[in-house]
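Colleague: predicted model and sequence below, questions to follow.
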Amino acid sequence: MILLILLNLQLGDNVRQLEWVDPYGRQPTSYSEWLKQQPESQKDIVPHTVLAIIKTDSLIDIIVEGKLYPYISSEVTTFCNDLVDAGYSVQVDTVTGITHDALRTYLTTLENLMGAIFIGNLPVAWFETQGFGCVEEFPIDIYFMDLNGIWEDTNGDGIYDGHYGDVGLEIWVGRLYPNLTWDNPIKLLKTYFSKNHAYREGNLSLPGVGLAFVDDDWSYWSACGLDHVYPSVEVVNTETLTVANEYRQRLLMGYEWIHLCAHSSPWGIFVLEPHAHFYNLFSCSGTRYIELNCIANWYIFQQNYGLLVVGSSKTGSMLYFDDFYSAIGAGHNIGDAFKIWFNLHGEQSRDWFYGLNLIGDPTLHPLADTSPFKLTWYSCIDSTIFVHPESDGHPQVLASNGRIFVIWESGRSEDFGRSNVYFGYYDGTTWVGPFGVCRQLYWDYTPALGLSGDGNLVAVWASFRHRAYYYNLYYSVFDDTGWTAGVLIADDPAFDMRPSLVHDRDGLLHLFWESRRDVDANIYHTVFDGTTWTAPEPVTSSAADECAPVAVVDSSNRVWVFYTRKHGSNSEIYASYYDDGWYSIGPLSGTYFAQSPDAACDDPYVVWMSHRDGWQLIIAYYTGDWVICDPILGASPAMAPDIAIDTTGHIWVVYQGYTDNWEICVHKSPPLHVSEISIPKVNITSLITNIDMLPDTLFDLTGRRTTRHNLTSGIYYTKIGNKLHRILYIRQP
């Protein structure tokens with residue numbers, strides 16, 4: 001069933017009709033096929049009220065399939081208490097064998113009814129239209145929301161084909177229809193209600209960020225109205241990015257709301273566990289819940305995320321998105337916002353809009369109030385990763401494919417006993433390793449980790465080789481069978497040092513480093529496509545010394561590198577970005593002596609050391625222009641800063657601070673409010689003796705979306721004591 005039509009809906013242009021597109025050629029279940037699978041209904045069955053808490057004139061009726069209720073009654077009671085706490089009255093009814101028209105009639109008898117939530121295999125009404133050039137049969141939950149209109153089946157086939165009279169919606173209806181093969185309905189519902197309660201308690205938050213993922217036929221759309229709800233909306237609407245692989249990656253990146261515009265069928269992502277709570281599917285039949293393993297059910301019944309999906313059970317979907325999202329932004333719950341939207345637009349095109357429904361709990365609000373993010377850290381005791389009598393230091397961390405990788409400099413060597421690069425990883429249970437990356441006779445220093453376009457881990461380090469007597473950069477690739485032999489990137493006697501790696505959305509790995517190819521130190525750049533490196537090119541060419549590069553990719557896929565520029569007795573922080581050539585900005589640090597930058601994304605955040613009244617930490621961020629913040633209060637003296645953004649949008653600055661000794665300290669901001677990062681620091685290693693230094697930070701989704709897809713939080717650092725340097729880590733519970 002491929003449907004092609006252009007329809008003008010007073011949106012200012014023609015809207016390309018959605019198409020049923022299924023890679024396996026599957027077709028929608030017809031009414032007659034569905035009917036054969038259903039138990040026989042008994043028209044005289046009446047719902048049985050098992051619980052009622054009436055405190056306000058805003059009633060929510062929770063209607064549960066009778067055979068399921070005894071197994072989920074505890075969860076339903078918790079849900080009812082949550083609704084009462086939110087200001088609603090609630091009633092719980094169980095039903096067995098009731099028809100769809102009897103259920104609708106029952107709803108008309110309830111006073112002050114705002115909405116209903118159907119749990120389990122409850123009655124389904126069907127409707128048919130012919131407006132897109134063929135007959136479409138589809139489940140219609142609008143039937144239960146319009147309590148006083150007239151619904152007509154003119155040919156007596158069991159499918160409504162007429163609707164007239166007062167056709168506006170009086171209530172909203174949400175469904176929890178656990179029609180999945182991945183677990184039994186009881187377990188799926190228990191999981192859903194556990195998530196729902198955790199979300200309401202503030203224990204299941206995601207960043208307050210929306211994603212509008214808009215495929216090619218509607219690429220002229222942007223935020224699709226999500227900016228009425230979220231101050232930050234990421235828009236993906238370019239042809240090279242609106243592909244299945246990019247969407248699958250985005251599903252794991254942690255958005256609170258995803259608005260998807262794409263041709264589809266009711267299936268497609270069940271091998272993933274998407275990291276989002278709310279979805280609006282402008283896609284064909286995404287909420288056709290009667291289909292086994294329907295995509296909407298997978299979104300809300302997976303283990304850890306997913307609370308509600310707006311979508312359609314037929315070809316067509318929502319339009320006029322601004323009116324829906326502006327109602328949510330004004331404070332309405334999702335169900336009320338849907339009712340407002342439908343009463344504005346629902347009758348403009350039944351072919352587009354009559355399949356719309358709500359899968360999940362419509363009483364929810366996005367951007368829900370949550371309890372403060374708790375800064376609670378495990379003790380450092382017994383958290384040494386690998387033990388060896390030689391020193392380890394300068395850890396660099398990255399996560400990929402469910403594992404955390406750590407690479408570092410080490411004096412350990414089974415063969416030579418000088419300085420080599422070592423590596424280990426955490427598989428979710430234990431630390432594995434260490435392994436030498438590329439042992440050789442002399443010295444290997446300053447390793448960096450990155451990901452190639454095919455997902456393989458790439459290590460780059462500076463190596464001093466026999467008979468060369470200068471440092472070159474070498475690289476090796478880890479492909480689960482081990483590290484390949486170290487390969488020279490480019491031979492030059494200019495002392496290439498301090499590599500920094502970052503991958504972009506085009507699958508390219510960017511390498512920056514400092515080099516004295518022009519006598520003065522400059523920043524150089526090359527790109528790895530998974531097979532070869534491009535010829536080195538200079539990013540900077542001033543007569544000053546540029547060093548210590550750190551690279552990020554921002555939300556628009558722009559590559560940035562931050563570095564220290566030293567000239568005379570001064571030291572400053574500069575940035576360069578690529579836009580058909582390298583452009584330099586700075587000094588970001590103004591007239592103060594500054595060094596040691598570190599950066600994080602979405603849009604670039606950079607932190608550095610600044611010598612004002614002693615060493616202090618300064619943050620700057622980019623919004624089209626660079627905004628320089630005041631020094632972080634309490635962060636003095638401070639060295640070796642590291643910056644990251646966690647999944648809740650908090651900005652973290654981790655650094656080596658001094659009170660009675662050098663310790664690892666943390667400051668964090670409220671979500672994405674970098675100007676308020678003066679929250680008092682926490683000395684997270686203050687109970688541990690000896691010197692702690694050189695931290696590197698790993699949070700879930702460090703950089704949140706544009707850098708690493710990390711799975712476990714932690715701060716990795718070097719401890720000095722009794723002439724022993726060790727790599728330790730602290731993690732969050």
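Modeller: Nice, I can see it. Numbers count the residues shown, from 1 in each chain.

Colleague: show me how the protein divides into domains.
Modeller: Domain segmentation of the chain under automatic domain parsing yields 6-360, 392-730.

Colleague: give me the pLDDT for residue 646.
Modeller: On pLDDT, residue 646 comes in at 61.

Colleague: same question for the one 5 residues further on.
Modeller: Taken from the predicted model, the pLDDT recorded for residue 651 is 73.

Colleague: was I right about it contacting residue 606?
Modeller: No. The pair residue 651 and residue 606 does not pass the contact test of CB atoms under 8 Å, sitting 11.4 Å apart. Bear in mind the C-beta positions are built from the backbone N, C-alpha and C, glycine included.

Colleague: closest to the centroid, which residue in the chain?
Modeller: residue 254 (1.6 Å; CA atoms, centre = their mean).

Colleague: give the residues shared as contacts by residue 651 and residue 606.
Modeller: Listed as contacting both residue 651 and residue 606 by CB atoms under 8 Å, 6 or more residues apart in numbering are 619, 643.

Colleague: quick check: mean pLDDT across stretch 540-554?
Modeller: Stretch 540-554 comes out at a mean pLDDT of 92.

Colleague: using PDB, write down the CA coordinates of it.
Modeller: Output in PDB follows, covering the C-alpha atoms of stretch 540-554 (Å, rounded to 0.1, in the frame of the first residue of the first chain):
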ATOM      1  CA  THR A 540      47.800  27.900  13.000                       C
ATOM      2  CA  SER A 541      50.800  29.600  11.600                       C
ATOM      3  CA  SER A 542      51.600  32.500  13.900                       C
ATOM      4  CA  ALA A 543      55.100  33.300  15.200                       C
ATOM      5  CA  ALA A 544      53.900  32.400  18.700                       C
ATOM      6  CA  ASP A 545      53.900  28.900  20.100                       C
ATOM      7  CA  GLU A 546      50.500  27.200  20.000                       C
ATOM      8  CA  CYS A 547      50.300  24.000  22.000                       C
ATOM      9  CA  ALA A 548      48.000  21.700  24.100                       C
ATOM     10  CA  PRO A 549      45.200  21.200  21.500                       C
ATOM     11  CA  VAL A 550      41.800  19.800  22.500                       C
ATOM     12  CA  ALA A 551      39.200  19.100  19.900                       C
ATOM     13  CA  VAL A 552      35.400  18.900  19.800                       C
ATOM     14  CA  VAL A 553      32.600  18.700  17.200                       C
ATOM     15  CA  ASP A 554      29.600  20.900  17.900                       C
END
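
Colleague: mind listing what's buried in that stretch?
Modeller: 540, 544-554 (16 or more other CB atoms under 10 Å).

Colleague: now the strands for the stretch 51-200 of the chain?
Modeller: 59-65, 89-95, 113-119, 126-129, 136-139, 150-152, 162-164, 172-176 (DSSP state E, counting those that start in this stretch).

Colleague: can I get those in TSV including mean neighbour count and distance to residue 218?
Modeller: Converted to TSV, those look like this (neighbours: other CB atoms under 10 Å; distance: least, CB to CB, whole Å):
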stretch	mean neighbour count	distance to residue 218
strand 59-65	23	35
strand 89-95	22	39
strand 113-119	24	30
strand 126-129	22	22
strand 136-139	24	21
strand 150-152	14	32
strand 162-164	12	28
strand 172-176	26	26
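
Colleague: ok so, going back, lowest average pLDDT across the domains of the chain?
Modeller: Minimum mean pLDDT among these: domain 392-730, a mean of 76.

Colleague: next up, the contacts around residue 302.
Modeller: Applying CB under 8 Å, 6+ apart, the residues near residue 302 are 191, 273-274.

Colleague: change it to 7 Å
Modeller: Residue 302 makes contacts with 273-274, as judged by CB atoms under 7 Å, 6 or more residues apart in numbering.

Colleague: now swap in residue 561 and tell me
Modeller: Counting by CB under 7 Å, 6+ apart, residue 561 has contacts 512, 523, 539, 549, 551, 576.

Colleague: do that again at 8 Å, thanks
Modeller: With CB under 8 Å, 6+ apart, residue 561 has these contacts: 500, 512, 523, 525, 539, 549-551, 575-577.

Colleague: residue 639: which of the residues you listed is nearest?
Modeller: residue 550 (15.4 Å; CB to CB).

Colleague: please enumerate the helices of this protein.
Modeller: 31-36, 69-85, 100-108, 142-145, 185-200, 244-251, 295-301, 321-329, 334-345, 350-353 (DSSP state H).

Colleague: ranking these by burial, who's on top?
Modeller: Highest mean neighbour count of those: helix 295-301, a mean of 27 (counted as mean count of other CB atoms under 10 Å).

Colleague: how about residue 362, nearest residue that isn't a chain neighbour?
Modeller: residue 335 (2.8 Å; CB to CB, 6 or more residues apart in numbering).

Colleague: same question, residue 324
Modeller: residue 341 (4.2 Å).

Colleague: picking up where we left off before, what's the closest of the helices of the chain to residue 429?
Modeller: So among the helices of the chain, helix 185-200 is nearest, using CB to CB, at 23.1 Å.

Colleague: what packs against that closest one?
Modeller: Under the contact criterion of 3 or more CB pairs under 8 Å, 6 or more residues apart in numbering; DSSP states H and E, helix 185-200 touches helix 69-85, helix 295-301.

Colleague: just the CA trace of that helix, in CSV.
Modeller: Provided in CSV are the C-alpha atoms of helix 185-200 (Å, rounded to 0.1, in the frame of the first residue of the first chain):
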residue,chain,number,x,y,z
PRO,A,185,1.8,-8.4,29.4
ILE,A,186,2.0,-8.4,33.2
LYS,A,187,5.8,-7.8,33.3
LEU,A,188,5.6,-5.2,30.6
LEU,A,189,2.9,-3.3,32.5
LYS,A,190,4.8,-3.5,35.8
THR,A,191,7.9,-2.1,34.0
TYR,A,192,5.9,0.7,32.6
PHE,A,193,4.3,1.8,35.9
SER,A,194,7.7,1.5,37.6
LYS,A,195,9.2,4.0,35.1
ASN,A,196,6.1,6.2,35.4
HIS,A,197,6.5,6.5,39.1
ALA,A,198,10.2,7.0,38.9
TYR,A,199,9.7,9.9,36.4
ARG,A,200,7.1,11.5,38.6
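
Colleague: got the angle for that helix vs helix 69-85?
Modeller: Interaxial angle of helix 185-200 relative to helix 69-85 (axes from the mean of the first three to the mean of the last three CA atoms, to 10 degrees): 20 degrees.

Colleague: residues making contact with helix 185-200?
Modeller: Residues contacting helix 185-200 (CB under 8 Å, 6+ apart): 68, 71-72, 75-76, 78-79, 82, 85-86, 119-120, 176, 178, 180, 182-183, 204-205, 277, 300-307, 360-361, 364, 368.

Colleague: reformat the strands of the stretch 51-200 of the chain into a markdown table and put distance to residue 198 next to each item.
Modeller: A markdown table is the format used below for the strands of the stretch 51-200 of the chain (distance: least, CB to CB, whole Å):
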| stretch | distance to residue 198 |
| --- | --- |
| strand 59-65 | 19 |
| strand 89-95 | 19 |
| strand 113-119 | 18 |
| strand 126-129 | 35 |
| strand 136-139 | 30 |
| strand 150-152 | 38 |
| strand 162-164 | 39 |
| strand 172-176 | 16 |
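
Colleague: and residue 622, which of those strands is closest to it?
Modeller: Of the strands of the stretch 51-200 of the chain, nearest to residue 622 by CB to CB is strand 172-176, at 40.7 Å.

Colleague: what's the closest one packed up against?
Modeller: strand 113-119, helix 142-145, helix 334-345, strand 356-360.

Colleague: rerun that using 10 Å as the cut-off
Modeller: strand 59-65, strand 113-119, helix 142-145, helix 185-200, helix 295-301, strand 308-312, helix 334-345, strand 356-360 (3 or more CB pairs under 10 Å, 6 or more residues apart in numbering; DSSP states H and E).

Colleague: how far does the longest one sit from its chain's centre?
Modeller: The chain centroid and the centroid of helix 185-200 are separated by 21 Å, computed with CA atoms, centre = their mean, to the nearest Å.
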